[in-house]
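Predicted coordinates and the sequence they were generated for:
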Amino acid sequence: KLSRRLQEVAAFIPEGTKFADIGSDHAYLPCFVCLNDKHAKAIAGEVNEGPWQSAQNAVQRFDLQDRIEVRLGNGLQILNNNEVNLVVIAGMGGALIKTILEEGKSRLGSVERIIVQPNVDERNVRYWFSTNGYSISKEKIIEENGHIYEIIIADKHDVSQELTERQLLFGPCLLNAKTDLFKIKWNHEYKKRMRVIEQMKRAESPNYGKLDMFKNELDWIEEVLHDGS
Ligand code: SAM
């Protein structure tokens, strides 16, 4: 059974899409999508041989070889021009996702939608979207096994979406919706930043730039959590 997290990601892939899943590991996501949508096709990319092998095994087990191609290589380099309309990058840190997008920019010509699920540092990826012609059309925050995950859907746009510092940090759609889970996450993040600030203050030569950034973020979190709505 596919994790709730990846099922939520799958829900944002329109029917009949040919998509790439970068860092596919066991290729669970492409297999799930193709089993549920007979017109879907996928390319699963993996940079490591172990997961690449697992992906191939899964595709064979579900007899999906004619619809899912498993390729070994780094990030978006495994794609040729105009092969897919949608790219998924899930289950990695935001910094790595951003690097993969930046290094593979030239392969994104035909890609209308990018779905990411960063485990941390979502801000990095939002910033990349806002400076590379994609606008965030949907975001979802979910919980599974005690972890809170964010899923960000970005669609190609002629004009890049300008995001404020707060929108970059909290997510433009998530900030609008402010669900209970969102509040739980940012309560937790608030405490985390408090601890980091205490530690930094005790350091021999504190990094004042970083300290200020965290203090700013604390103010924003407080604002967002306590503005009554
Ligand atoms: N996408 C799946 C998910 O969300 O459950 C798997 C996530 S797994 C934690 C991350 C996978 O990304 C690993 O299998 C790793 O080998 C792969 N990976 C890391 N960096 C990569 C890169 N630059 N290009 C392709 N795959 C990469």
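On my side now, so go ahead.

C-alpha from now on. contacts and neighbour counts both.
Will do.

which SS state does the residue of the chain positioned farthest from its centre fall under?
Centroid-distance maximum for the chain: Glu204 at 35.9 Å, with CA atoms, centre = their mean. Classification of Glu204 by DSSP: H, G, I helix; E, B strand; the rest coil places it in coil.

could you check the distance from it over to the ligand?
Using CA to the nearest ligand atom, to the nearest Å, one gets 35 Å for the distance from Glu204 to the ligand.

How about Ile153?
On the measure of CA to the nearest ligand atom, Ile153 and the ligand end up 15 Å apart.

same question, His226
From His226 to the ligand the distance is 33 Å (CA to the nearest ligand atom).

In contact with Gly109, which residues are there?
Contacts were defined as CA atoms under 8 Å, 6 or more residues apart in numbering; by that measure Gly109 touches 81-82.

ok, residues contacting the helix or strand where Asp219 lies?
Using DSSP states H and E, Asp219 sits in helix 208-225. Applying CA under 8 Å, 6+ apart, the contact partners of helix 208-225 are 166, 183, 186-187, 190, 193-194, 197, 200.

ok, which pair from the residues you listed is furthest apart?
Across these, the longest distance by CA to CA is 25.4 Å; it joins Lys183 and Met200.

where exactly do the strands run in the protein?
Here the chain has its strands, by DSSP state E, at 18-22, 41-46, 68-72, 86-92, 113-118, 134-144, 147-156.

now those as a markdown table including distance to Phe214, mean pLDDT and mean neighbour count?
Formatted as a markdown table, the strands of the chain follow (distance: least, CA to CA, whole Å; pLDDT from 0 to 100; neighbours: other CA atoms under 10 Å):
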| stretch | distance to Phe214 | mean pLDDT | mean neighbour count |
| --- | --- | --- | --- |
| strand 18-22 | 32 | 98 | 25 |
| strand 41-46 | 35 | 98 | 26 |
| strand 68-72 | 39 | 98 | 20 |
| strand 86-92 | 23 | 98 | 21 |
| strand 113-118 | 20 | 98 | 24 |
| strand 134-144 | 23 | 97 | 17 |
| strand 147-156 | 21 | 97 | 19 |
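
Cheers, nothing more for now.
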